[in-house]
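[1] Quick one: sequence and predicted model below, then my questions.
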Amino acid sequence: MAPTGTDTAPFGRMLTAMVTPFTADGSVDYAGAQRLATYLVDEQRHDGLIVSGTTGESPTTSDEEKDRLLRAVVEAVGDRATVVAGAGTYDTRHSLHLAEAAERAGAHGLLLVTPYYNKPPQEGLYRHFTTLADSTGLPVMLYDIPGRSGIPIEWPTLIRLARHPRIVAVKDAKGDLFGASRIMADTGLAYYSGDDALNLPWLSVGAAGFVSVVGHVVGADLAEMIDAYRAGEVERAVAVHRRLIPVVEAIMTRTQGAIMVKAALTLMGLPAGPTRAPLVDATPEQIEELRSDLAAGGVKLEEQAA
């Protein structure tokens, strides 16, 4: 049975866009994915996971791999965390196939990224998202990330989309806190921070929670930040924010986030494996710098935990 969210946090509050672990030969490590999902939920205080998002290297996994991966994660943690399937592509027909397959596989919701590369007009975005929302009974989180898609979901479009009963949330990597404040004030859309550097500022304008990358390694800390802020303990939330600065900088600012978070998970002895081309694995120099920054942020590495 799917976990229940709330009107203000329909997918939970602490979510991470989970990596897709691979074996040394580049195959999907489904058992590793189950182990990682269990770790994130049971030890890192996640109440939700995104499967096959960008950090999950979804552009390089097949539809069959996405389906098996989603089923594996739902089996592992679906009774105690919201499992959201990335189903967005730049092709509405292909996205429809992924959305319907995700519902059959037991997903609790859909993450739909703005179609990338082909830059549809706003009317095209509206039709794309509403067509997908109509195709299943699952709640939808839109993913607004113009840095990757090339275009934003503009305010009037978001207001129109909010009228759809199954479009309930936005993962924002646009960084427009004032614009999002207007959308939240005018609609019932819940907002999730999609940029770890801005997690605390997002809480200050009413965000429901986070869809994180660094949550792989500091999810419990981010959950503490959320709890502290919601309890009115702003100074404690700021202290967590500042403590995690080295971790956010190490994973999110030096190269592509999936590369560095997989390196971080490997240092922690957790399933991750290599990346798939065209991504490349972290260099030895990057790993040593990462090791230092993780330690500065209080992350226990495998040799420290032994």
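    Perfect, I can see it now.
[2] And the contacts of stretch 230-240?
    Outside stretch 230-240, the residues within contact range by C-beta atoms under 8 Å, 6 or more residues apart in numbering are 200, 203, 221, 222, 224, 225, 226, 228, 229. Yep, even glycine has a C-beta here, placed from its N, CA and C like the rest.
[3] what's the closest of those to residue 295?
    residue 221 (14.3 Å; C-beta to C-beta).
[4] That closest one: what's it in contact with?
    Taking C-beta under 8 Å, 6+ apart as the criterion, residue 221 is in contact with 240, 243, 244, 298.
[5] Assign a three-state SS to it, would you?
    Following DSSP: H, G, I helix; E, B strand; the rest coil, we place residue 221 in the helix state.
[6] low-scoring pLDDT stretches of this structure, where are they?
    Segments of the chain classed as low confidence (criterion: pLDDT under 70) are 1-5, 303-306.
[7] let's see it at 80
    Residue ranges of the chain with pLDDT under 80: 1-7, 303-306.
[8] shouldn't residue 195 be in contact with residue 176?
    No - counting by C-beta atoms under 8 Å, residue 195 sits too far from residue 176 to count as a contact (10.9 Å).
[9] So for these two, which sits in the more crowded spot?
    residue 195 (21 against 14; other C-beta atoms under 10 Å).
[10] Now do the more buried one against residue 252, distance only.
    As judged by C-beta to C-beta, to the nearest Å, residue 195 and residue 252 stand 8 Å apart.
[11] do residue 302 as well
    Residue 302 is 22 Å from residue 252, by C-beta to C-beta.
[12] Neighbour count: the two, which is higher?
    Neighbour count, other C-beta under 10 Å: between residue 302 and residue 252, residue 252 has more, with 18 against 11.
[13] The helix or strand containing residue 125: how far from the chain's middle?
    Taking DSSP states H and E as the definition, residue 125 sits inside helix 122-135. Centroid separation for helix 122-135 versus its chain: 21 Å, with C-alpha atoms, centre = their mean, to the nearest Å.
[14] And stretch 76-89, by the same measure?
    Using C-alpha atoms, centre = their mean, the mean C-alpha position of stretch 76-89 is found 10 Å from that of the whole chain.
[15] Going by neighbour count, which residues of it are buried?
    Across stretch 76-89, burial judged by 16 or more other C-beta atoms under 10 Å covers 76, 77, 78, 81, 82, 83, 84, 85, 86, 87, 88, 89.
[16] Likewise for stretch 62-81?
    Neighbour counts using 16+ other C-beta under 10 Å place 65-74, 76-78, 81 of stretch 62-81 among the buried residues.
[17] residue ranges for the strands of the stretch 101-250 of the chain, please.
    Ranges of strands within the stretch 101-250 of the chain are 109-113, 140-144, 167-172, 190-193, 209-212, based on DSSP state E, counting those that start in this stretch.
[18] circling back to that earlier point, so which of the buried residues of stretch 76-89 comes closest to residue 110?
    Nearest member of these to residue 110, counting by C-beta to C-beta, is residue 87, at 4.9 Å.
[19] so how far is residue 19 from the closest one?
    In this structure, residue 87 and residue 19 are 18 Å apart, going by C-beta to C-beta.
[20] same thing with residue 100?
    To residue 19, residue 100 is 25 Å away according to C-beta to C-beta.
[21] the more surrounded of those two?
    Comparing residue 100 with residue 19 by other C-beta under 10 Å, the one with more neighbours is residue 19, at 26 against 15.
[22] correct me, but that one touches residue 261?
    Yes - using C-beta under 8 Å, residue 19 is in contact with residue 261, at 6.1 Å.
[23] Pull up the overlap in contacts between those two.
    With C-beta under 8 Å, 6+ apart, residue 19 and residue 261 have common neighbours 55, 216, 272.
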